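*Asks:* Fold the following and give me the result.
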Amino acid sequence: MTEDDVRARAFAMPLHSPAYPPGPYRFVDREYLIITYRTDPEALRKLIPAPLEIVEPVVKFEFINMPDSTGFGHYCEAGQVIPVRLGEETGGFVLSMFLNDHPPIAAGRELWGFPKKLGQPELRVHTDTLMGTLDYSDFRVATGTMGFKHQALDAEKIKASLAAPNFLLKIVPHVDGSPRVCELVRYSLADIHVKGAWTGPGALDLRSHALAPVADLPVLEVLSTVHILADLTLPLGTVVHDYLAS
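*Replies:* Here you go, the predicted model:
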């Protein structure tokens with residue numbers, strides 16, 4: 001294998017059998033339970049990196065089921081997204097994500113900088129309740145519940161919310177442990193087709209854990225609960241700020 005061969009094939013690791021295929025990635029029947037809650041503003045300020053600014057002391061806890069994903073198969077995800085502002089643009093900062101499938105963990109971290117760790121999230125319907133759970137090291141750290149399809153929502157408004165930009169802090173260490181890459185990355189979902197969206201009564205319970213610190217942003221008040229079913233594409237991202245350039 002020549003050096004040119006290495007450069008031509010080097011989009012992911014390992015070189016001879018990459019953990020994931022090249023993007024972008026299409027998701028069919030992607031299902032969300034999103035519980036928006038008010039939290040402690042002081043706790044939130046400690047976690048949001050400049051130049052992002054907090055819009056309000058609010059967190060979106062998301063449980064996501066992805067049964068048909070390009071290159072990734074079927075997996076689930078859960079995590080926290082914070083409404084933020086970058087200049088005149090508003091969007092969401094992805095603070096934490098827990099997945100039960102290695103390829104999207106590897107792709108998410110290596111390509112965009114998604115803050116992904118291995119966990120055991122699940123989203124399912126239990127009798128009259130849509131229920132999202134997240135376990136980490138055999139310990140339940142999050143439980144979200146919603147009355148199943150109590151009231152339909154406007155699909156166009158939901159589509160606009162899904163299309164809003166999101167921001168990620170991408171960190172890739174050098175071989176000596178210092179940061180080789182430290183960037184703020186922006187991405188937006190595309191080709192969105194909302195198949196249904198609903199709301200209903202909701203609740204969220206978070207538990208403290210040393211390695212899955214979702215409860216560091218406590219639930220002070222649940223503001224809204226949304227259930228979404230959609231097809232969409234996750235494109236590749238762009239760098240909007242380089243922390244090592246200055």
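*Asks:* in this structure, which segments are predicted with low confidence?
*Replies:* In the prediction, the chain carries residues with pLDDT under 70 at positions 246.
*Asks:* Mind listing what's buried along the longest helix along it?
*Replies:* With residue count as the measure and DSSP state H as the assignment, the chain has helix 155-163 as its longest helix. Within helix 155-163, the residues scored as buried using 16 or more other CB atoms under 10 Å are A155, I158, K159, S161, L162. Every C-beta, even on glycine, is put in place using the N, C-alpha and C of the backbone.
*Asks:* Over to stretch 198-206?
*Replies:* W198, T199, G200, G202, L204, L206.
*Asks:* could I get these as a markdown table with distance to H16?
*Replies:* Supplementary listing: these in a markdown table, determined by distance: CB to CB, whole Å:
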| residue | distance to H16 |
| --- | --- |
| W198 | 46 |
| T199 | 48 |
| G200 | 49 |
| G202 | 47 |
| L204 | 44 |
| L206 | 42 |
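*Asks:* out of those residues, who's nearest Y25?
*Replies:* Of all the buried residues of stretch 198-206, the one with the least separation from Y25 (CB to CB) is W198, at 25.5 Å.
*Asks:* Which elements pack onto the helix or strand hosting that closest one?
*Replies:* Element membership of W198, judged by DSSP states H and E, is strand 190-199. For strand 190-199, the contact count by 3 or more CB pairs under 8 Å, 6 or more residues apart in numbering; DSSP states H and E identifies strand 151-152, helix 155-163, strand 221-234 as packing neighbours.
*Asks:* quick one: the next helix or strand after it to strand 221-234, angle?
*Replies:* Scanning forward in sequence from strand 190-199, with DSSP H and E defining helices and strands, the next element found is strand 202-206. Our comparison of strand 202-206 with strand 221-234, counting by axes from the mean of the first three to the mean of the last three CA atoms, to 10 degrees, yields an angle of 90 degrees.
*Asks:* mind checking how far strand 202-206 is from the chain centre?
*Replies:* The chain centroid and the centroid of strand 202-206 are separated by 18 Å under CA atoms, centre = their mean, to the nearest Å.
*Asks:* partners of it in the sheet?
*Replies:* strand 139-147 (antiparallel) (DSSP bridges).
*Asks:* and the partner strand, which residues are buried?
*Replies:* Along strand 139-147, the positions that meet the burial threshold by neighbour count (16+ other CB under 10 Å) are V141, A142, T143, G144, T145, M146, G147.
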